[in-house]
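Peer 1: any chance you could fold what I've pasted below:
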Amino acid sequence: MERRTIGAAALDVGAVGLGCMPMSWAYTSSEQRGERSLRAVHAALDAGSTLLDTADMYGPFTNELLIGRALKERRAEAFVSTKAGLLVGDQHIVANGRPGYVRRACDASLRRLQTDVIDLYQLHRADPEVPVEETWGAMAELVSAGKVRALGLCAVGARAGRRSGADVHEQTIRQLERVQQVFPVSAVEAELSVWSPEALERLLPWCEARGIGFLAAMPLGSGFLTGTLTPGQGFEADDVRARHPRFTAEMMAANQPVVAGLRRIAERHGPGTTPARVALAWVLGQGRHVVPLPGTKRPEWAVENAGAADLELTPRDLAEISSLPPAQGSWD
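Peer 2: Numbering: from 1, shown residues only. Model (predicted):
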């Protein structure tokens, strides 16, 4: 697979990463089978998808334990990204950016991941009660201690920006400007996909201008852009899509033209090309500093997603994607 270098720390990764969250958290719990998920991690590594993206809150903790089983055998082949800063309780999630907590969280992640060093340690969310510079300073100390190679920041949810009419990533950029004064940011993780392209407006160019890598979360629109979801099929009660306004039967039906357009392009590229690969190839085409992180629980889909790195979209393809109707329904 093509390799990409992201951030000032020159982090070398496969062009397509692996989002590990669905294996343990948020999506269809009845399909979360540990052994199959472990095979998916191995399949991704075999295909060159070296960046494994997890977080301590996924599970919580069980996702890191799962990835640790794979790393025990193949640590040298993998690039490990994990996150801290969010605590999961009963029916709520809260931020914790206290320096002491960050240090303890890192040590706990290292134990679960069965590794001596985390390649990319990301702040999942800034704690409103703690200056972000203090949290980031504690994370920088982890780099100095040799426990972490580089630091990243996850974008703040865009809901507040949409509501106020401001740039949806304005708050994230303000945070980035503050923490950059403390220690370099190597990567930013934020949503980017054909049906959620807001990061193209300011956040992606901001990162590119500063040599910061961009990790594209949800590049397949939480599964919608794969073309495998049927409007009205319903989701399990603990699946985040069961409460998501863009995944109601009405909105899924209304957004079928987006999938249909991706499918037309895939058919032009011949057998084996899927709407998912087209959607990922579009993300890859947004810059050499961009690495999509499609999530999956299945080995065959990990291989399919990795194949997007070999798909070159034509000017005609890109024009058709640009002309697709904007997605309907709130993404919040």
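Peer 1: which positions within stretch 194-205 qualify as buried?
Peer 2: For stretch 194-205, burial by neighbour count (16 or more other C-beta atoms under 10 Å) applies to 194-199, 203-204. C-betas here are computed from N, CA, C, even on glycine.
Peer 1: stretch 252-260 now?
Peer 2: 252, 254-255, 258-259.
Peer 1: as CSV, these with pLDDT, secondary structure and distance to T54 would be great.
Peer 2: Output for the buried residues of stretch 252-260, formatted as CSV (pLDDT from 0 to 100; DSSP: H, G, I helix; E, B strand; the rest coil; distance: C-beta to C-beta, whole Å):
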residue, pLDDT, secondary structure, distance to T54
M252, 94, helix, 28
A254, 95, helix, 33
N255, 96, coil, 29
V258, 97, helix, 29
V259, 97, helix, 28
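Peer 1: save those residues as a markdown table, and put in distance to P271 too.
Peer 2: Formatted as a markdown table, these follow (distance: C-beta to C-beta, whole Å):
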| residue | distance to P271 |
| --- | --- |
| M252 | 27 |
| A254 | 30 |
| N255 | 26 |
| V258 | 22 |
| V259 | 19 |
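Peer 1: tell me the two of those that are most distant?
Peer 2: A254 and V259 (11.3 Å; C-beta to C-beta).
Peer 1: which residues does the residue nearest the centre of the chain bridge with?
Peer 2: By C-alpha atoms, centre = their mean, the chain has its centre lying nearest to A217, at 2.8 Å. Beta-bridge partners for A217, by DSSP bridges, are E191, L293.
Peer 1: could you shift the numbering so residue one becomes 94, and keep it that way?
Peer 2: New numbering, starting at 94: the last item is A310.
Peer 1: let me see the confidence value for it.
Peer 2: As predicted, A310 sits at a pLDDT of 97.
Peer 1: please name the nearest non-neighbouring residue to M311.
Peer 2: Nearest residue to M311, sequence neighbours excluded (C-beta to C-beta, 6 or more residues apart in numbering): E284, at 4.8 Å.
Peer 1: for M114, that is, sorry about that
Peer 2: Y151 (4.9 Å).
Peer 1: same check on S279?
Peer 2: Closest to S279 by C-beta to C-beta, 6+ apart is G100, at 3.0 Å.
Peer 1: distance of the closest residue to V383 other than its chain neighbours relative to D209?
Peer 2: Leaving aside its sequence neighbours, V383 sits nearest to F307 (C-beta to C-beta, 6+ apart; 4.8 Å). To D209, F307 is 27 Å away according to C-beta to C-beta, to the nearest Å.
Peer 1: those two: which is more packed in?
Peer 2: A direct count of neighbours by other C-beta atoms under 10 Å for F307 and D209 places F307 higher, at 27 against 9.
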